[in-house]
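Chemist: kindly generate the corresponding structure for this input.
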Amino acid sequence: MTTTTLAVLVPLLPFLGSAAGLLLGRTAPGFVRPLAVLPTLAALALAAVVAARQGGDGAVDAATELTPTGSVPIELALHIDGFAALVAVLVALVATCVQIYSTGYLRDDPRYASYAALVSLFTSAMLLVVYTGDLIVLLVGWEVMGICSYFLVGHYWETPEARAASIKAFLVTKLGDVPFLIGLFALATDAGSFRITKVLGAVAQGGLDHPTVVALLLLAGVAGKSAQFPLHTWLPDAMAGPTPVSALIHAATMVAAGVYFVARLLPVFEASAAAMVVLAVMAGVTMVGSGLAALAQDDIKRVLAYSTIGQLGYMTGALAVGDRSAAVFHLLSHGAFKALLFLAAGVVIHAAGTNSLAAMSRMSHLRHRVPDAYWTMTVALLALAAIPPFSGFFSKESVLGAAEHATTGHSGHIPGAAGWVVLVAGLLAAVLTAAYATRLWLLAFHGQGAEAPDHGRQPLTMTVVLWVLAVPSLALGALAYRTLPDWFDGDDLAPTLTTSVVGTGVALAGGLVTFAAWRHLAGIAARIPLGAVAAHPDADAAQVEAEAIATHAPAYGNVASAPDPADPGRLLLGPLHRHAAAGFHLDALYDVLFVRPVQAGARLVRFLDREVVETYVRGAGALPRWLGIAVRRAQTGNVQTYVSALLAGTVVLAVAALLVASGA
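Modeler: Sure thing, here's the model as predicted:
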């Protein structure tokens, strides 16, 4: 087969598997699991073949006109360069791991058939976004992912949290998609085509009339889809869905789509210096804010959710300084270790005895109960914290190195301010990332919470996937920075000395400070009188412990501000902890600025419709009704009455005629 034919089959196979799974889910349930795993696995194999054939050389292009439009044509087009080939392999790999993992994780779920079909459709939509060469076809995959996320996040629709999270995810992303759609049409109008290669050609020739407006409109959609400030608030709440879905969304689909889109069309954004500065500020705020929020979360999946937001901030920061090679490099590296983190968290959650969420403060003795999750999650957390030689070190240092280069002003069209914003925010985020990664590791595997019932060993399909993903989490970075430059426009991906030393130094400092804070709190907790809890049998144990700590450590202040004995996050953040735990109250701010005014407007419209519009409608109907009543009463059926009325009318007409004649 030709490379083009194989590339067409890559998104098509998961789509066909999704359709077949939905059709056979009730009539032939035995086929559901094979239809979930095999098409995605075949897509992975074909994506690897396409990547091998493409080999980082010239892009594979093919197109056919979809339908005559009379103006700007819409085409079924492929554009597979080195970026697209590698990202497609990542998407298919993570999706395959998620499908295999889900066969064990959701083995008793009555809605597994629809779940597996939606995961396959989700995968197909992302692969379509990656391979397509036409912006309208890309938009189709973009929106299909949105509806799939709505259904998958709300998979446990019996719980109010899942229902609210699915609606919030859909509405917030759609809020960004509206200007995104307008931006796509404006871009195509300026370029004269939806074809990506023609759009980039028009940009190279200075053919964009309104580059800043177009870029900012597109960034709104990117902020929503890739959960960047200020449209990131949907992603932590989306953790109410099944854990494998979280792995898929965070590692390979949905949130990766926005970053990939900017990487694909980076010259469009580089045409506007203002847009690049906005992108840099958005990335900087996202990196630092998400790191602080992650350090204050108790639920393990919300920590990972804010972690994803921050790592996406690194990717958008690399794009803000004009280095899409570093951005996609970190996208690939992050996809491996973040999928591993979520799937390992699923094992931890199962061992902790909950459904989809787990408070780290209540975990205890999990290191020995889930050794596979412990060791693989340790590898993933080291990669997340960018500790060498794990993969995250190489990809994150490529971002910091690109930002440092941009600060010198030698990047041409990239403002030096953008470089400084990304560099400073990236180093601060490195400290915070190492801190919350260390905190998660300590609380999840070395915590002293209540012992949960032992649910037995995990299914083999779950543990095998963890070790498969541990390999790229450990080795991908070291291999990629040497072998992938040819795939990434020939850019050098090797770590630079300055940012490597500084970045690793601040990461180690963040981890060591967090560990020291944890040991300090553990020492305080050890001095709590043994009978403190037993002496208050009717009180909450955590509250008794907090009161005891406040007694033995007056520096912590009152009981309300006393830290959890096992949680260094409170000590490190201090008074900022309460605000960081609530996501800095952005949801409350949006409620005041947008939700309440919209609700008030809706109430006003309802009042006007009921009291004004309906009053006129009722009035317009009253006159004919009254006239009808009068006419109906005149129809008595008595002939004498009709003759009398006729004579009376005749007399009236005669008198009127005489009066007119006499007047004349």
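
Chemist: gap between stretch 271-282 and the chain center?
Modeler: Relative to its chain's centre, stretch 271-282 lies at 21 Å (C-alpha atoms, centre = their mean, to the nearest Å).

Chemist: actually stretch 96-112, sorry about that
Modeler: With C-alpha atoms, centre = their mean, you get 21 Å for stretch 96-112.

Chemist: now that stretch - C-alpha only, CSV.
Modeler: Coordinates of the C-alpha atoms in stretch 96-112 are reproduced here as CSV (Å, rounded to 0.1, in the frame of the first residue of the first chain):
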residue,chain,number,x,y,z
THR,A,96,-4.1,1.4,22.8
CYS,A,97,-2.8,1.3,26.3
VAL,A,98,-6.0,3.0,27.6
GLN,A,99,-8.2,0.5,25.8
ILE,A,100,-6.2,-2.5,27.1
TYR,A,101,-6.1,-1.0,30.6
SER,A,102,-9.9,-0.3,30.5
THR,A,103,-10.7,-4.0,29.8
GLY,A,104,-9.6,-4.6,33.4
TYR,A,105,-10.5,-1.3,35.0
LEU,A,106,-14.1,-1.3,33.8
ARG,A,107,-14.6,-5.0,33.5
ASP,A,108,-17.8,-4.9,35.6
ASP,A,109,-19.1,-1.7,34.2
PRO,A,110,-22.6,-2.1,32.5
ARG,A,111,-21.9,0.7,30.1
TYR,A,112,-18.4,-0.5,29.0
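
Chemist: residue 18 contacts residue 118, doesn't it?
Modeler: Yes: taking contacts as C-beta atoms under 8 Å, residue 18 lies within contact range of residue 118: 7.2 Å. Placement of C-beta: from N, CA and C, glycine included.

Chemist: more crowded one of these two?
Modeler: Each of residue 18 and residue 118 has its neighbours counted (other C-beta atoms under 10 Å); residue 18 has more, 26 against 22.

Chemist: tell me the contacts of the more buried one?
Modeler: Taking C-beta atoms under 8 Å, 6 or more residues apart in numbering, we find residue 18 in contact with 117-118, 120-121, 124.

Chemist: repeat that with 6 Å
Modeler: Contacts for residue 18 (C-beta atoms under 6 Å, 6 or more residues apart in numbering) come out as 117, 120-121.

Chemist: thought residue 180 was touching residue 221, still the case?
Modeler: Yes: using C-beta atoms under 6 Å, residue 221 is in contact with residue 180, at 2.4 Å.

Chemist: out of these two, which sits in the busier spot?
Modeler: More crowded of residue 221 and residue 180, by other C-beta under 10 Å: residue 221, with 27 against 24.

Chemist: who touches the helix or strand hosting that one?
Modeler: With elements taken from DSSP states H and E, the one containing residue 221 is helix 211-225. Helix 211-225 is contacted from outside by 173, 176-177, 179-180, 182-183, 186-187, 231, 257-258, 262, 269, 271-272, 274-275, using C-beta under 6 Å, 6+ apart.

Chemist: which among these count as buried?
Modeler: By neighbour count, with 16 or more other C-beta atoms under 10 Å, the contacts of helix 211-225 hold 173, 176-177, 179-180, 182-183, 186-187, 231, 257-258, 262, 269, 271-272, 275 as buried.

Chemist: thinking again about what came up before, now, the contacts of helix 211-225 that are in helices?
Modeler: Residues of the contacts of helix 211-225 located in helices (DSSP state H): 173, 176-177, 179-180, 182-183, 186-187, 257-258, 262, 269, 274-275.

Chemist: ok, back up a step: check which residues of the helix holding residue 221 are buried.
Modeler: Within helix 211-225, the residues scored as buried using 16+ other C-beta under 10 Å are 211, 213-225.

Chemist: CSV for these, including distance to residue 289?
Modeler: What follows is those, written out as CSV (distance: C-beta to C-beta, whole Å):
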residue, distance to residue 289
211, 28
213, 27
214, 27
215, 23
216, 21
217, 24
218, 22
219, 17
220, 18
221, 20
222, 17
223, 13
224, 17
225, 18
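
Chemist: residues in contact with residue 500?
Modeler: Residue 500 sits next to residue 397 when contact means C-beta under 6 Å, 6+ apart.

Chemist: circling back: out of the contacts of residue 18, who has the most neighbours?
Modeler: Highest neighbour count within the contacts of residue 18: residue 120, with 29 neighbours (other C-beta under 10 Å).

Chemist: correct me if wrong: that one contacts residue 17.
Modeler: Yes: counting by C-beta under 6 Å, residue 17 is a contact partner of residue 120 at 4.7 Å.

Chemist: mind listing the strands for this protein?
Modeler: Assigned by DSSP state E, the strands in the chain fall at 60-67, 74-80.

Chemist: for the closest residue to residue 487 other than its chain neighbours, give me the pLDDT.
Modeler: Spatial nearest neighbour of residue 487, excluding adjacent residues (C-beta to C-beta, 6 or more residues apart in numbering): residue 82 at 3.2 Å. For residue 82, the model assigns a pLDDT of 88.

Chemist: cool, residue 499 as well?
Modeler: Residue 499 is given a pLDDT of 91.

Chemist: any figure for the gap between it and residue 284?
Modeler: The gap separating residue 499 from residue 284 is 16 Å, by C-beta to C-beta, to the nearest Å.

Chemist: give me the more crowded residue out of those two.
Modeler: A count of neighbours by other C-beta under 10 Å puts residue 284 above the other of residue 499 and residue 284, at 26 against 23.

Chemist: need the contact list for the residue lying closest to that one once chain neighbours are set aside.
Modeler: What sits nearest to residue 284 in space, not counting adjacent residues and going by C-beta to C-beta, 6+ apart, is residue 425, at 3.4 Å. For residue 425, the contacting residues are 284, 287-288, by C-beta under 6 Å, 6+ apart.

Chemist: may I see the residues you listed organised as JSON lines, with pLDDT and distance to residue 623 added?
Modeler: Listed next are these as JSON lines, based on pLDDT from 0 to 100; distance: C-beta to C-beta, whole Å:
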{"residue": "284", "pLDDT": "96", "distance to residue 623": "66"}
{"residue": "287", "pLDDT": "96", "distance to residue 623": "68"}
{"residue": "288", "pLDDT": "97", "distance to residue 623": "67"}
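
Chemist: need those residues in a markdown table (columns: distance to residue 343).
Modeler: Converted to a markdown table, the contacts of residue 425 look like this (distance: C-beta to C-beta, whole Å):
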| residue | distance to residue 343 |
| --- | --- |
| 284 | 30 |
| 287 | 24 |
| 288 | 28 |
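
Chemist: so for residue 642, which of the strands of the chain sits nearest?
Modeler: For the strands of the chain, proximity to residue 642 was assessed by C-beta to C-beta; strand 60-67 is nearest, at 68.9 Å.

Chemist: which neighbouring elements make contact with the closest one?
Modeler: strand 74-80 (3 or more C-beta pairs under 6 Å, 6 or more residues apart in numbering; DSSP states H and E).

Chemist: only alpha carbons, please: show the strand it packs on as CSV.
Modeler: Taking Å, rounded to 0.1, in the frame of the first residue of the first chain, the C-alpha atoms of strand 74-80 are listed here in CSV:
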residue,chain,number,x,y,z
ILE,A,74,-12.9,22.6,1.2
GLU,A,75,-10.6,19.5,0.6
LEU,A,76,-10.0,16.1,2.1
ALA,A,77,-6.3,16.7,2.4
LEU,A,78,-3.4,15.0,4.1
HIS,A,79,-0.3,16.8,5.3
ILE,A,80,2.1,14.5,7.2
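
Chemist: any weak-confidence spans in the chain?
Modeler: Low-confidence segments of the chain (pLDDT under 70): 352-358, 364-365, 410-412, 448-456, 490, 525-566, 664.
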